[in-house]
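# Below is the sequence, then the predicted model.
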Amino acid sequence: MTTMESLIGLVNRIQRACTVLGDYGGGTGDNAFNSLWEALPTVAVVGGQSSGKSSVLESIVGRDFLPRGSGIVTRRPLVLQLHKMEEGTEEYAEFLHLPKRQFTDFVLVRKEIQDETDRITGKSKQISPVPIHLSIFSPNVVNLTLVDLPGLTKVAVEGQPETIVEDIESMVRTYVDKPNCIILAISPANQDIATSDAIKLAKEVDPAGERTFGVLTKLDLMDKGTNALDVLEGRSYRLQHPWVGIVNRSQADINRNADMMLARRKERDYFDTSPDYGHLASKMGSEYLAKLLSKHLESVIRSRIPSILSLINKSIEELERELDKMGRPVAVDAGAQLYTILEMCRAFDKVFKEHLDGGRPGGDRIYGVFDNQLPAALKKLPFDRHLSLQSVKRIVSEADGYQPHLIAPEQGYRRLIEGALGYFRGPAEASVDAVHFVLKELVRKSIAETQELKRFPSLQVELAAAANSSLEKFREESKKSVIRLVEMESAYLTAEFFRKLPQEMERPVITNSKNQTAASPPATQDQYGEGHFRRIASNVSAYVSMVSDTLRNTIPKACVYCQVRQAKLALLNYFYSQISKREGKQLGELLDEDPALMGRRLECAQRLELYKKARDEIDAVAWVR
Ligand SMILES: Nc1nc2c(ncn2[C@@H]2O[C@H](COP(=O)(O)OP(=O)(O)OP(=O)(O)O)[C@@H](O)[C@H]2O)c(=O)[nH]1
């Protein structure tokens, strides 16, 4: 394989692969990827309607194969890849969308182009930027790739949308705007070059004429006595590349089905014998045009290879980075899926523990509950009201019944204390709830912060539900424990506390069962006076405050034991036992990623494969060089 064949063939292969992945030159540009296609040099055939575009292409190929008819026949770009074969080999054509079929009958090629056009655009005469790829393998062609575009038109014909004129122009522009596009601008010689649609567009996008090849058709149809030398010799409109004159088959020739090879010979004779163009004969005609383009395309590709390679390398790096970020695709077998789920649970558990133990914020809020919320709540309990003189009098009297107490109001004390201790239930339960909400919030945060889980919304939901239901169970246990602490205080009072209290002064000297004497009361004071009740209130208050101090220390212990410690030890235990019972399909459902992400990963992976293949191909060709 010669260098030229290798380079053009290389670009052909890359272009075909691009098209399969939806990357084509006339695309809408809403693809987030770099377009590799756009980095590849392309020859786009541009011309007004009936300028002779189809005829030029057929003449370059040496075959009749393009659809003909009135109106806009070319409604999708046709990427025509020509591959030179050895003399004597049979010609055939192949479509990218029908990879297994070789066409040797070019009438069928024409039909397939029509059918394939209609497949995307419908018969509505709409246009579409999705190209049709046609490869022709023949001894009569040079290695060349051309993109045939819809002819520029001025008016919409019946059945076509009003916007067709602008639609065609903007599609053609998406190709010719690209600096890598070589413009083959076809103009008919029997029309003033100043009015040529192709030249008008080329002038706009390539004002210096560096990438435009001017082609003048229909030289034979010029009025007698006139010639196109001013155009062909670059005086009418100057381009960096020489103009090429062409004589295609006339409509009469086409109707007669005149042989293409014969037409090529006739064209050569026309120039060889032309009194006007004889001196330019060696640089005229469709065969010369094909060779000129092939050579130019090859040299442009060669000069672009370093920048194409650098684009490819940059894209490979970006894609690999993105794929890493998205994570690997999920395995299909149940064992591997279970492993993946457990791995992610472990990752989540690690983050959750970091929140509790430090390293990540949030665990300190639990200490905040014990250090601020609980003491504040205890302080706010309405003991003043409960132990007001009036209330103490009432409770003690009620406890005494019809017979007032003789010595200390034992029943009164107990009722007062029991009543007061009941108030501790509130702060105790509130502490449990507060710890619960901190833990729940930490679960939410940890799920959000576990990078590995990001791809799996269903697993996130299940994991959160499982963790929250465990936290709920821990909360119940914790509540039972703190209530038990409060009830234990009520169930058995610390008698020692009362023994240490200074004895009441107003009582008569009494001998208790152990024959110990109590303090003697002042003779003037009433045994049931205010001072007596005040002392009772103060004694009860002192006792309640001692209990409060105890609970301030024990409630946090219960919360940590029942909730925090359990969350660290067994948050996902129930989830683990359930998950291990699940079948492959159910596991797969847990691992159903966000469809948009799956699509993006697939696209990235395919893109990456394309770029890597392209890099290998370029490397291989570079070795040949
Ligand atoms: N005599 C003569 N006729 C030509 C020449 N080039 C094209 N024609 C005729 O001009 C008509 C239009 O040619 P096409 O090749 O179909 O032109 P086109 O630009 O592809 O036209 P659309 O596809 O309709 O846009 C046909 O009847 C051709 O036979 C030429 O160099 N000489």
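On my side now, so go ahead. Not measured: the values here are computed from a predicted model.
# wait, doesn't Thr494 sit right on Val544?
No - applying Cβ atoms under 8 Å, one finds Thr494 not in contact with Val544, separated by 11.6 Å. Backbone N, C-alpha and C define where each C-beta goes, glycine included.
# Pick out whichever of the two has more residues nearby.
Taking other Cβ atoms under 10 Å, Thr494 and Val544 do not tie; Val544 has more neighbours (22 against 13).
# State the helix or strand in which the more buried one lies.
helix 530-559 (DSSP states H and E).
# Local confidence estimate at the residue in the stretch 351-500 of the chain that the ligand sits nearest to?
Nearest residue of the stretch 351-500 of the chain to the ligand, counting by Cβ to the nearest ligand atom: Arg455, 50.0 Å away. Arg455 is assigned a pLDDT of 82 by the prediction.
# Now do the contacts for it.
Arg455 is in contact with 326-327, 593-594, 597, counting by Cβ atoms under 8 Å, 6 or more residues apart in numbering.
# Run a quick neighbour tally on Gly531.
Counted by other Cβ under 10 Å, the residues lying close to Gly531 total 15.
# and the residue of the stretch 251-400 of the chain found nearest the ligand, how many neighbours?
When scored by Cβ to the nearest ligand atom, the stretch 251-400 of the chain has Gln251 as its residue closest to the ligand, at 3.4 Å. By other Cβ under 10 Å, 11 other residues sit near Gln251.
# ok, back up a step: now the residue of the stretch 351-500 of the chain closest to the ligand. Nearest residue, chain neighbours left out?
Glu593 (4.8 Å; Cβ to Cβ, 6 or more residues apart in numbering).
# tally of neighbours for the one you found?
Glu593 has 20 neighbours, counted by other Cβ under 10 Å.
# Ser307 too?
Neighbour count for Ser307, taken as other Cβ under 10 Å: 11.
# Pull the number of nearby residues for the closest residue to it other than its chain neighbours.
Nearest residue to Ser307, sequence neighbours excluded (Cβ to Cβ, 6+ apart): Ala39, at 7.0 Å. Residues near Ala39, counting by other Cβ under 10 Å, number 21.
# check contacts around Ala39.
180, 304, 307-308, 311.
# Show me just the buried residues among these.
Taking 16 or more other Cβ atoms under 10 Å as the criterion, what is buried in those is 180, 304, 308, 311.
# Tell me which of these fall in helices.
Among those, the residues falling in helices (DSSP state H) are 304, 308, 311.
# quick one: pLDDT of the closest residue to Ser138 other than its chain neighbours?
Closest residue to Ser138 apart from its sequence neighbours, by Cβ to Cβ, 6+ apart: Glu91 at 4.0 Å. In the predicted model, Glu91 carries a pLDDT score of 91.
# swap in Leu442?
Looking at Leu442, its pLDDT reads 96.
# any idea how far it lies from Val435?
With the distance defined as Cβ to Cβ, to the nearest Å, Leu442 ends up 11 Å from Val435.
# And those two? Which one has more around it.
When Leu442 and Val435 are compared on other Cβ under 10 Å, the one with more neighbours turns out to be Val435, at 28 against 25.
# what element comes up after the strand or helix carrying the more buried one heading to the C-terminus?
Taking DSSP H and E as the definition, Val435 sits inside helix 425-449. Using DSSP H and E, the next helix or strand after helix 425-449 towards the C-terminus is helix 457-491.
# Just the angle for that next one relative to helix 530-559, thanks.
Inter-element angle recorded for helix 457-491 and helix 530-559: 150 degrees (by axes from the mean of the first three to the mean of the last three Cα atoms, to 10 degrees).
# Pull out the buried positions in helix 457-491.
By neighbour count with 16+ other Cβ under 10 Å, helix 457-491 contains the buried residues 459-460, 462-464, 466-467, 470-471, 474-475, 478-479, 481-483, 485-486, 489-490.
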